[in-house]
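**Q** I'd like to go over a predicted model; first the sequence, then the structure.
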Amino acid sequence: MDQLKGLMPAANQVSTAVNVPNLGISESHDSLSLLPDDYVSDMTCVDAVADAAIQTYSESPVVLVRTQDYAPADGSGSFSAIASVILYETAQDAQDRVTATATGWQACAGKSVQVKLPPATFVIGTPSAAGGVHTLVNNRTAPPAPGWACGRGISSRSNVAIDLTVCGGDPAAVGAGAGALVNLIAAKVPA
Amino acid sequence: MTIFSVKQCAPTILMASAVVALLASCSASVGGKPTAAPQVGPPSATSVAPPPGADLQAVVLPVDELRRLMNDPTLVKTATWRHAGVGLSITFTPPQCSVVTTNGLHAALDGSGQTGVYYVNYVSTAAPMVQASVGAVGFPDAGAARAWVGAQQAVWQQCANIDVGLTVAGQSGTQHTSALQVNGDALSIQAAVAGGGPRCTRTMAARDRVVVDNLVCSADPAGAATAIANGMLDKIPR
């Protein structure tokens, strides 16, 4: 577990990667996210809106999980990053999980889904991939203001899957931030 | 996005049996080399229709049934294994007794001739040391299934009524195993962490071409372990 915790970047590293100053660590835990089974109006798209969701990850041979949340230290709530690393016994297992998630994203692209907590509607974007890192930007349409979008990012390195969500007011920034944060964590995984 | 967490990993070696059962290890190595693929061979010439993975999945009880049998409504699924596990960085003393403290390991399954495995892990969100790992292993025929149970019985017998040492991340502890119970093609053995804490019951039983291979941990797991194993056996078509 200590090795897994060691993969998590410090808050200032995340600040640099996502270009948001003064982030702090707001929460951390060693678990999958126990989302309710009706968390999203279309649960086949739960991976598109949530990282480390128990509904899908529990279908894979998960060994350990570490999740760490980052938010502005001033409590403004103007940004959030939730990063999860999921340990598998084999690199193939981690890669399979990433492939399954990315495939699910494709099937959900363009859909409008209602998220239960907090209540919101997101339009799921079109996924893209670069260098083995899959990213996706979901734009919130309700409530429409303030503008809010969440970038999703997922990749694997060795026997670790990296799955995270970066949310903020700028859709372009959260997409880029998700990719940058995935790469930051991936670089910490021993080859 | 996290609503709340399912604590998956106990912080102490003294809880290692349940941790081993469900999560392989709290000291699992990051960047470990891929393990060898489990030995999944083609069906034997005498096989009529070996149970594929989908059939094995049907042997596992629904979560609601597991919750009822374990008297824990907060039990949730945390992982699904369709291949054997290595147990990662845990050291067992004696080493062959790893298969008594957890299920689904290469140490037990390699060379067994199994045609497929399906293991599901559950943990209680209310009491994280209440855990279950339930599995079904397919074989080409009933004889092969019984032979595997027989082979495991010999190993379990070596590990009965002893203290099994576990070392995880430099921390060591022991579990005391009970006497091995054998009832036809069904095995059962209990392990209790030294100094108190949860107990774990390992069960293994064959029916037709399937072996049920379980580990159930709680304050008093024996009854639930038996009920779960019997419930799974009842789902195997004769």
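**A** Now that the structure is in, tell me what you want to look at.
**Q** how about the strands in the chain?
**A** Since no chain was named, I'll use chain A. Counting by DSSP state E, the segments of chain A that form strands are A:23-29, A:64-72, A:79-87, A:112-115, A:120-124, A:128-130, A:133-142, A:149-157, A:160-168.
**Q** that's the wrong chain, I meant chain B
**A** If DSSP E is used as the criterion, the strands of chain B fall at B:75-81, B:91-93, B:116-124, B:131-138, B:163-168, B:171-177, B:181-183, B:186-193, B:199-207, B:210-218.
**Q** is the fifth one anywhere near chain A?
**A** This points to strand B:163-168. No. Using Cβ under 8 Å from any Cβ of the partner chain, we find that strand B:163-168 stays clear of chain A, coming within 9.8 Å at best. Yep, even glycine has a C-beta here, placed from its N, CA and C like the rest.
**Q** before we move on, back to that, okay, the strands of chain B in a markdown table with mean pLDDT and mean neighbour count next?
**A** Conversion of the strands of chain B to a markdown table gives the following (pLDDT from 0 to 100; neighbours: other Cβ atoms under 10 Å in any protein chain shown):
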| stretch | mean pLDDT | mean neighbour count |
| --- | --- | --- |
| strand B:75-81 | 96 | 22 |
| strand B:91-93 | 89 | 17 |
| strand B:116-124 | 96 | 24 |
| strand B:131-138 | 97 | 27 |
| strand B:163-168 | 87 | 19 |
| strand B:171-177 | 88 | 18 |
| strand B:181-183 | 96 | 13 |
| strand B:186-193 | 95 | 22 |
| strand B:199-207 | 97 | 26 |
| strand B:210-218 | 97 | 28 |
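**Q** kindly reformat those as CSV containing distance to B:Ile236.
**A** As requested, these are exported to CSV (distance: least, Cβ to Cβ, whole Å):
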stretch, distance to B:Ile236
strand B:75-81, 19
strand B:91-93, 30
strand B:116-124, 12
strand B:131-138, 8
strand B:163-168, 30
strand B:171-177, 27
strand B:181-183, 17
strand B:186-193, 13
strand B:199-207, 4
strand B:210-218, 5
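**Q** quick one: residues contacting the closest residue to A:Gln106 other than its chain neighbours.
**A** Leaving aside its chain neighbours, A:Gln106 sits nearest to A:Pro127 (6.0 Å; criterion: Cβ to Cβ, 6 or more residues apart in numbering or on different chains). A:Pro127 makes contact with A:Ala102, A:Trp105, A:Gln106, A:Ala109, A:His134, A:Thr135, A:Leu136, according to Cβ atoms under 8 Å, 6 or more residues apart in numbering or on different chains.
**Q** worst-scoring helix or strand of chain B, pLDDT-wise?
**A** Taking mean pLDDT, DSSP states H and E as the measure, the helices and strands of chain B show their lowest mean at helix B:16-23, namely a mean of 36.
**Q** ok, A:Val160 - contacts?
**A** With contact taken as Cβ under 8 Å, 6+ apart, A:Val160 is in contact with A:Leu4, A:Leu7, A:Val85, A:Ile86, A:Leu87, A:Tyr88, A:Ala94, A:Val189, B:Val30, B:Gly31.
**Q** just the pLDDT at it, thanks.
**A** pLDDT, the model's per-residue confidence, is 97 for A:Val160.
**Q** same question, B:Ala225
**A** pLDDT, the model's per-residue confidence, is 98 for B:Ala225.
**Q** and it, what does it touch?
**A** With contacts defined as Cβ under 8 Å, 6+ apart, the neighbours of B:Ala225 are B:Ser188, B:Thr201, B:Arg202, B:Thr203, B:Asn214, B:Val216.
**Q** quickly note the distance from the second one to A:Pro118.
**A** To A:Pro118, B:Thr201 is 42 Å away according to Cβ to Cβ, to the nearest Å.
**Q** OK, contacts around the residue nearest to the spatial centre of chain B?
**A** By Cα atoms, centre = their mean, chain B has its centre lying nearest to B:Asn103, at 2.7 Å. If you count contacts by Cβ under 8 Å, 6+ apart, B:Asn103 has them with B:Ala21, B:Tyr119, B:Ser133, B:Gly135, B:Arg202, B:Met204, B:Asp213, B:Asn214, B:Leu215.
**Q** what residue in chain A comes nearest to chain B?
**A** Of chain A, the residue with the smallest distance to chain B, taken as Cβ to the nearest Cβ, is A:Pro190 at 3.4 Å.
**Q** just checking, that residue touches A:Ala91?
**A** No. With contact defined as Cβ atoms under 8 Å, A:Pro190 does not count as touching A:Ala91 (11.7 Å).
**Q** looking at those two, which one has more neighbours?
**A** Between A:Pro190 and A:Ala91, counting by other Cβ atoms under 10 Å in any protein chain shown, A:Ala91 is the more crowded of the two (19 against 13).
**Q** find the residue at the geometric middle of chain A.
**A** Nearest to the centroid of the C-alpha atoms of chain A, with distances taken as Cα atoms, centre = their mean, sits A:Leu164, at 1.9 Å.
**Q** list the contacts for the residue lying closest to that one once chain neighbours are set aside?
**A** Taking Cβ to Cβ, 6+ apart, and ignoring the residues beside it in sequence, A:Leu164 has A:Ala83 as its nearest neighbour in space, at 4.1 Å. Applying Cβ under 8 Å, 6+ apart, one finds that A:Ala83 lies in contact with A:Met8, A:Pro9, A:Val14, A:Asp51, A:Thr67, A:Gln68, A:Asp69, A:Tyr70, A:Ile162, A:Leu164, A:Leu181, A:Ile185.
**Q** and the pLDDT for the third one?
**A** For A:Val14, the pLDDT comes out at 98.
**Q** one more: the second one?
**A** Note on A:Pro9: pLDDT of 97.
**Q** and for it, the neighbour number?
**A** Counted with other Cβ under 10 Å, the neighbours of A:Pro9 add up to 20.
**Q** for B:Asn183, see how far away it is.
**A** When Cβ to Cβ is the yardstick, A:Pro9 and B:Asn183 sit 54 Å from each other.
**Q** how far does stretch B:96-115 stretch from start to finish?
**A** Distance across stretch B:96-115, first residue to last, is 23 Å (Cα to Cα, to the nearest Å).
**Q** average pLDDT for that stretch, rounded please.
**A** Mean pLDDT, stretch B:96-115: 95.
**Q** in that stretch, what's buried?
**A** For stretch B:96-115, the buried set under the neighbour-count rule, 16 or more other Cβ atoms under 10 Å in any protein chain shown, comprises B:96-109, B:112-115.
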